[in-house]
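# fold the following and give me the result.
(chains A and B)
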Amino acid sequence: MIRLMMANWHKWLALVVSIQLLVWLITGLYFNSLMNSAANVQTRQPVQHEGYLPGRELYPPQAIDAPPPVAVSIIWVLGAPYYQFEYNQPSHAYFIRQRRIFDATTGAPWQISAEQVAAIAGQAYAGSAPAGEPVLLKPPIDDLPRQQNPLWQVRFADEFNTAVYLDALTGHVIRHTNDRQRFDDLMFTLHFMDYTSTGFFNHPLIVIFAIATSLLAFSGGYLLISRSGPPGKQQASPCLLTVNFVSGAESISLPARADDTVFTTLSKHGIHLPSECGGAGTCGKCRVQCHSAPPVNDIEKHHLNERQLANRIRLGCQQEVGKCQQITLRKR
Amino acid sequence: MRLVGVQFILWAITGLYMVCLDIHFIHGEPLAHPQSAPLQLKDISYSTAQLLADYPDATDIKLVTLLQKPVYRFRSAAGQRAIHVVDAITGEPQDLLSQAQASTIADDAYTGTAAINTVSPLISRDASGALNPLWVVSFDDVASSTLYIEQQSGRIIRRRHHYWYVFDWLWRLHIMDYDDGENVTNGWLRLVSLLSVLAAVSGLALLLLRLTLRKQAAV
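Purely as a prediction, here's the structure:
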């Protein structure tokens, strides 16, 4: 009876999970065989920001009028030094960063201008397509779902719709993307079922599907193993299965062993009873009428009603030829 | 299906583990606090100009707090090391971290309550392939939480616990790359994925066939 319950579960789980399973397999195959992230953006080139520091008069960071930071970095933007006052140390740069930038020569607060962003993006882009105006975007940003900080976006009118994203305060390049990269991102969105754009794979929808899929896989494994059953007893005696037909076709006798099922005996001789489960006892379709009234098992009780059992209707996959040597079928 | 069934089960359960445990937790991010004590800027008496006179090729200069003191941390080709730490009050270069100092840093950063179990040295390689001496500080908690601290810089560069190792192995099983888990494009995975797609598509075809046949039978 566990088998029947499992089979039922298996069927409904499969219905729910099947499409996503196919999506997982196809996107997985894509990651394995077709994806080449490194080659997606061919127009990327490094930007040289750094200048020569020795000999420059730097404003002392302790004289800057700002709350005490956790750390101070000397950073470079287009050849000029700046102090980056860091007020938190997030474990990823895409987490919210609390910073202030000061000109390291004058000590004055500083933030990059749109013109400088355009200049940096132009240096970072090796193609020849014209650039759009820099736009300061607030998260959520479609191309970078994980990003929690505002970023500059500069679009280039090339065939792949390249976009360069830059740090809102410093103008340092965060990421290049284009339509090839967006396609890869879409494959990840599908693989991770990340339809709400969290940028990650730890969300309730995929957890539910992963649980359902695990149950599906285990129930499938169980059904597959339990179907094979114990190896046939070699000493089972040979006997004959006689088949009569309601349609009036001539009766036939098929050689079999006593422990073969009626279902397998018939299919060995080219007579295929209706079946969805292939003789596993889960679909209840392979009905035959026996001449004797052989014992009924739980699986047959599940699939057949009182009247059918009284009429000696049984399941071909549950009856052994030794106990049910003569049957009637509707037609050949 | 019999051919790829085992891998189906593996994909399902390894995937389940990976989606259930938060990736930031797996990476050990909650194991250690980020540094949050404000920098004592007013104590600084060794200026950047002095630093640059001593280390003209210094790059990636950063003022941070290390063991309660403000220090400059930077890269320079001077001496035998890649990362240098210089006291921002006295201008004294900081030696490689001692075992006791590593314990202090780990204890301060650790978010749990367990005591330190072992502190052992490890020579690792950084991303550029250079040798990088570390202290490996492991705590006596259920997950054997371990912090890896750079002897040159005092930074915590790696956080590990049992859940990470389990994740790493399940990831290898998921992508069928059993040696180092870095090759998603391996041939085994390709073969089994292809067979699996065939199995799934044939399953779908059988289902559609059955539904259409049933419809025909009903007519």
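# so for residue 42, what's the pLDDT?
You didn't say which chain, so I picked chain A. At residue A:42, the model reports a pLDDT of 88.
# other chain: chain B
Note for residue B:42: predicted pLDDT of 86.
# what ranges do the helices span in the chain?
Just so you know, I chose chain A. A:2-33, A:114-124, A:179-191, A:204-228, A:262-268, A:298-303, A:306-310 (DSSP state H).
# um, chain B though
B:5-20, B:23-26, B:48-54, B:99-109, B:162-175, B:187-218.
# residues in contact with residue 94?
I'll assume chain A. Residues counted as contacts of residue A:94 (Cβ atoms under 8 Å, 6 or more residues apart in numbering or on different chains) are A:144, A:146-149. Bear in mind the C-beta positions are built from the backbone N, C-alpha and C, glycine included.
# hmm, no, I was thinking of chain B.
Taking Cβ under 8 Å, 6+ apart, one finds B:66, B:71, B:84-87, B:154 in contact with residue B:94.
# how about a cut-off of 10 Å?
B:66-67, B:69, B:71-73, B:84-87, B:101, B:152-154 (Cβ atoms under 10 Å, 6 or more residues apart in numbering or on different chains).
# farthest-apart pair in those, please.
B:72 and B:101 (17.3 Å; Cβ to Cβ).
# higher neighbour count, these two?
residue B:72 (27 against 18; other Cβ atoms under 10 Å in any protein chain shown).
# now that one: how far from residue A:161?
Going from residue B:72 to residue A:161 by Cβ to Cβ, to the nearest Å gives 43 Å.
# then residue A:120?
20 Å.
# quick one, domains of chain B?
If you go by automatic domain parsing, the domain ranges for chain B are B:5-17+B:167-218, B:31-160.
# any idea how far the shortest one is from the chain center?
Between the mean C-alpha point of domain B:5-17+B:167-218 and the mean C-alpha point of its chain there is a distance of 29 Å (Cα atoms, centre = their mean, to the nearest Å).
# so what's the residue count around the spatially closest residue to residue A:177 that is not a sequence neighbour?
The shortest distance from residue A:177 to any non-neighbouring residue, by Cβ to Cβ, 6 or more residues apart in numbering or on different chains, is to residue A:143 (5.0 Å). The local packing of residue A:143 (other Cβ under 10 Å) involves 17 other residues.
# need the pLDDT of residue A:143.
The model reports residue A:143 with a pLDDT of 92.
# that one and residue A:175 touch, don't they?
Yes: the pair residue A:143 / residue A:175 is scored as a contact, 7.6 Å apart, by Cβ atoms under 10 Å.
# mutual contacts of these two, please.
Jointly contacting residue A:143 and residue A:175 under the rule Cβ under 10 Å, 6+ apart are A:151, A:163, A:165, A:181.
# so the last one versus residue A:199, what's the distance?
So that's residue A:181. 14 Å.
# same question for residue B:31.
Residue B:31 is 22 Å from residue A:199, where distance means Cβ to Cβ.
# higher neighbour count, the two?
residue B:31 (23 against 17).
# go ahead and confirm that one touches residue B:138.
No: between residue B:31 and residue B:138 there is no contact under Cβ under 10 Å: 11.0 Å.
# anything in contact with each of the two?
Common contact partners of residue B:31 and residue B:138 (Cβ under 10 Å, 6+ apart): B:106, B:145-147, B:160-161.
# among those residues, name the ones in strands.
Members of the shared contacts of residue B:31 and residue B:138 lying in strands (criterion: DSSP state E): B:146-147, B:160.
# between the residues you listed, which sits nearest chain A?
Closest approach between these and chain A, by Cβ to the nearest Cβ: residue B:147, at 13.3 Å.
# for that closest one, what are its contacts?
By Cβ under 10 Å, 6+ apart, the contact list for residue B:147 reads B:28, B:31-32, B:102, B:105-107, B:109-110, B:116, B:119, B:134-139, B:156-160.
# just the buried members of those residues?
Burial by neighbour count, judged by 16 or more other Cβ atoms under 10 Å in any protein chain shown, picks out B:28, B:31-32, B:102, B:105-106, B:109-110, B:116, B:119, B:134-139, B:156, B:158-160 from the contacts of residue B:147.
# can you add pLDDT and distance to residue A:244 and give the ones in strands among the shared contacts of residue B:31 and residue B:138 back as TSV?
TSV is the format used below for these (pLDDT from 0 to 100; distance: Cβ to Cβ, whole Å):
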residue	pLDDT	distance to residue A:244
B:146	95	76
B:147	95	80
B:160	94	72
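# quick one: is the lowest-mean-pLDDT helix or strand in chain B near chain A?
When the helices and strands of chain B are compared on mean pLDDT, DSSP states H and E, helix B:187-218 comes out lowest with a mean of 82. Yes: for helix B:187-218, a contact with chain A is found by Cβ under 10 Å from any Cβ of the partner chain, at B:187-201, B:203-204, B:206-207, B:210, B:214, B:217.
# filter these down to the buried ones and hand me the ChimeraX line.
Applying 16+ other Cβ under 10 Å to these, the buried members can be selected in ChimeraX as follows:
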select /B:189,192,193,196,197,199,200
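# so where is the stretch 151-300 of chain A shaky, pLDDT-wise?
A:228-235 (pLDDT under 70).
# one step back: which ones among the contacts of residue B:147 also lie next to chain A?
Contacts with chain A within the contacts of residue B:147, as defined by Cβ under 10 Å from any Cβ: B:28, B:32, B:159.
# quick one, what contacts the residue nearest to the second one when sequence neighbours are not counted?
What it means is residue B:32. Counting by Cβ to Cβ, 6+ apart, residue B:32 lies nearest to residue B:109, which is 3.9 Å off, once chain neighbours are set aside. Under the criterion of Cβ under 10 Å, 6+ apart, the contact list for residue B:109 reads B:31-35, B:137, B:147, B:149, B:156, B:159.
# which one of those is nearest residue A:31?
Of all the contacts of residue B:109, residue B:159 has the smallest distance to residue A:31: 26.8 Å, by Cβ to Cβ.
# contacting residues for residue 97?
This is for chain A. With Cβ under 10 Å, 6+ apart, residue A:97 has these contacts: A:84, A:86-90, A:148-149, A:167-169.
# looking at chain B here, not the other one
Residue B:97 neighbours (Cβ under 10 Å, 6+ apart): B:66-67, B:85, B:103-105, B:133-135, B:149-155.
# any idea which of the domains of chain B scores lowest on pLDDT?
Of all those, domain B:5-17+B:167-218 carries the lowest average pLDDT, namely a mean of 85.
# Serialize the contacts of residue B:109 to a markdown table and add fields for distance to residue A:136.
Compiled in a markdown table, the contacts of residue B:109 are given as follows (distance: Cβ to Cβ, whole Å):
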| residue | distance to residue A:136 |
| --- | --- |
| B:31 | 35 |
| B:32 | 33 |
| B:33 | 32 |
| B:34 | 27 |
| B:35 | 29 |
| B:137 | 42 |
| B:147 | 38 |
| B:149 | 38 |
| B:156 | 34 |
| B:159 | 34 |
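# looking at those, which is nearest chain A?
Closest to chain A, out of all of those and judged by Cβ to the nearest Cβ, is residue B:34, at 3.8 Å.
# the closest one and residue A:87 touch, don't they?
No: the pair residue B:34 / residue A:87 is not scored as a contact, 11.1 Å apart, by Cβ under 10 Å.
# between these two, what contacts are shared?
Each of residue A:70 lies in contact with both residue B:34 and residue A:87 under the rule Cβ under 10 Å, 6+ apart.
# which one of the two has more residues nearby?
Higher neighbour count among residue B:34 and residue A:87: residue A:87, with 16 against 13, using other Cβ under 10 Å.
# just checking, that one touches residue B:35?
No: if you go by Cβ under 10 Å, residue A:87 and residue B:35 don't touch, sitting 11.2 Å apart.
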